[in-house]
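Student: Here is my input, please return the structure:
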Amino acid sequence: MSYAAEHAAQDATLSPAWQAADTRAGLVRAMLVALAIVLLQILFLEIISLAAGADRVRGLYDSFCRWDGNLYVQITERGFHGDLPGSPVNFQKSNVAFFPGYPLAARWLHDVLGGAISYRAAMVVTAQAAAWGFWTYWLLFLGRWGTPSRLAALVTVVLSLHPAAFFLVVAYSESLFLVAALGFLYWVTSSSGMRWPLAAAHGFVMTATRMGGVPVALAPLGAAIFCDAVGMGPPVYGSAFDLKQLARTLVADRRRLVSLIALAGFASLGVVSFFAWCQWQFGAWNLYMLTQKAGWNLSADWLWWLRPVNYVFLGSTWHPNVVWPDDLSRFTVLATLVGFGLIARCEVRLARTGDRGWQRRLLFYLAAAGLFFLHAAGVSPILMKSLIRYSFGVHALLLLALVHLAIDRQLPLAFSRRQLWWLVVGLVALGGIQTAIAWRFFVNEWVA
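Tutor: Model prediction:
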């Protein structure tokens, strides 16, 4: 059977699940479950904040707005202002240290509500609304693939216990960026007639919120060369790579290729328009990078993966001035690279047997790899601080790919007693680490 016929047969077997995910009833179910997840996250953090002695007079939303959240509030209230070379040490003088997507969304919410809530509350409500959208897209992906209930529940619990998952519902840009990224990938791989404008809109918000959106915006273009998950037709080669066949396929599918190039270009307009505005307003298109460099010593280190110091995750046991959440971020570097390696090994083994399912997961692998590489390069000069937070989206994409792999290979979800025991231990450990990190957040100690 040809790959195209085999792929069509697979789609036919999955079509009820795809249809269920795309119906209004499927969307409502996903939104209700997602809302329950967000409310549980908020309740969990409220309990921790009260136990940590958060100021009850100021209220729930003020306690959820700390660290970067306070800086976002200043941008939301006063807008961007800056000078060269840029210095976030004095935010009254220069504050072009963040992308505008998140503060603009919070200001829009504040204005729509007629100022009924404070800017601080608007920051938190915006993040939590975006978290609702993120979990909705997460569940829609699982529903689209016909994920068995037990597997869907397991991976959702695993992701919700990720040490950095609580950042989704506090005043950080994580949730807005991730709902836009997942929405972008969801609509790119959809068969809906509105998929291109919806994907473009999500992509614009994604790159207007964070620089990491650029590699995600380019991922469909890269994946389209090898698979038909983004409308490029069957893969360009069978058992062996053929450069001439690749060229012929790209020429034959030039219309789809051009449409994907246009999509990537439009999705990248978020960052392009921000840089253009900085040039027009301040005379420096790269003021964001200059401000990051001046204030936090952040700059792109493309050789970060060659530096052993980025993998040292026991520094807090040797140096009293090193905090353990930063060790956790450096451990994340090693753990994520090992994870990529194990997944690649598994996919190569399957590919050697003639299985081509990896081509349908390549979109997620490319998006995750680009996102991880860019963020790791950015924080390498400060020894990977904050990478545990940046890695949440990477791990979510990899987990989605693994779910697709399990479904594609029809792997049974069965555990021996010993495996079940280790699974429970792992989940408790994840939840414990997240609780400890959230505690530090609410007592105003550095996390990520």
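Student: Helix or strand for L142, just tell me which one.
Tutor: Per DSSP states H and E: L142 is located in helix 119-144.
Student: tell me the angle of whichever helix or strand comes after that helix relative to helix 119-144?
Tutor: Scanning forward in sequence from helix 119-144 by DSSP H and E, the next helix or strand is helix 149-160. Between helix 149-160 and helix 119-144, the angle comes out at 150 degrees (axes from the mean of the first three to the mean of the last three Cα atoms, to 10 degrees).
Student: tell me how far helix 149-160 is from the chain's mean position?
Tutor: Here the centre of helix 149-160 is set off from its chain's centre by 17 Å, with Cα atoms, centre = their mean, to the nearest Å.
Student: Buried residues in that helix, which are they?
Tutor: L151, A152, L154, V155, T156, V158, L159, S160 (16 or more other Cβ atoms under 10 Å). For glycine as for every other residue, the C-beta is placed from the backbone atoms N, C-alpha and C.
Student: Can you name every helix or strand that that helix contacts?
Tutor: Applying 3 or more Cβ pairs under 8 Å, 6 or more residues apart in numbering; DSSP states H and E, we find helix 149-160 packed against helix 24-51, helix 119-144, helix 387-408, helix 417-442.
Student: May I have the helix or strand following that helix exported as CSV, CA atoms only?
Tutor: Downstream of helix 149-160, the first helix or strand assigned by DSSP H and E is helix 174-188. Output of helix 174-188 as CSV, limited to C-alpha atoms (Å, rounded to 0.1, in the frame of the first residue of the first chain):
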residue,chain,number,x,y,z
GLU,A,174,3.6,32.1,29.6
SER,A,175,-0.1,31.3,29.1
LEU,A,176,-0.7,33.9,26.4
PHE,A,177,2.3,32.8,24.5
LEU,A,178,1.4,29.1,24.8
VAL,A,179,-2.3,29.5,23.9
ALA,A,180,-1.2,31.3,20.8
ALA,A,181,1.4,28.7,19.9
LEU,A,182,-0.9,25.7,20.4
GLY,A,183,-3.7,27.5,18.6
PHE,A,184,-1.3,28.2,15.7
LEU,A,185,-0.3,24.5,15.4
TYR,A,186,-3.9,23.4,15.9
TRP,A,187,-5.2,25.4,13.0
VAL,A,188,-2.2,24.8,10.8
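Student: any idea of the mean pLDDT for helix 174-188?
Tutor: The average pLDDT for helix 174-188 rounds to 97.
Student: OK, contacts around the most centrally placed residue in the chain?
Tutor: Geometric centre of the chain, nearest residue: G393, 2.7 Å, by Cα atoms, centre = their mean. Contact analysis of G393 by Cβ atoms under 8 Å, 6 or more residues apart in numbering lists E174, F177, L178, A181, G212, A368, L371.
Student: Report pLDDT for it.
Tutor: 97.
Student: Please tell me how far it sits from A130.
Tutor: Distance of G393 to A130, given as Cβ to Cβ, to the nearest Å: 13 Å.
Student: Now for the two: what residues contact both?
Tutor: With contacts taken as Cβ under 8 Å, 6+ apart, G393 and A130 have L178 as neighbours in common.
Student: these two touch, right, L397 and A367?
Tutor: Yes: look at L397 against A367 with Cβ atoms under 8 Å: they come within range, at 5.5 Å.
Student: Mutual contacts of these two, please.
Tutor: Common neighbours of L397 and A367 (Cβ under 8 Å, 6+ apart) are L185.
Student: who's more crowded, those two?
Tutor: Taking other Cβ atoms under 10 Å, L397 and A367 do not tie; A367 has more neighbours (31 against 26).
Student: Quickly find the element holding the more buried one.
Tutor: Assigned by DSSP H and E, A367 falls in helix 358-379.
Student: average pLDDT across that helix?
Tutor: For helix 358-379, mean pLDDT is 94.
Student: Could you figure out how far that helix is turned away from helix 174-188?
Tutor: On the basis of the same axes, to 10 degrees, helix 358-379 is oriented at 150 degrees to helix 174-188.
Student: quick one on the thing from earlier: which pair of the contacts of G393 spans the longest distance?
Tutor: E174 and A368 (15.5 Å; Cβ to Cβ).
Student: Name the helix or strand of the protein that has the lowest mean pLDDT.
Tutor: helix 3-22 (a mean of 38; mean pLDDT, DSSP states H and E).
Student: ok, A164 - contacts?
Tutor: Going by Cβ under 8 Å, 6+ apart, the list of residues near A164 reads E174, I388, R389, S391, F392, Q434, I437, A448.
Student: try it again with 10 Å
Tutor: By Cβ atoms under 10 Å, 6 or more residues apart in numbering, the contact set of A164 is 172, 174, 325, 328-329, 332, 386-393, 395, 433-434, 437-438, 447-448.
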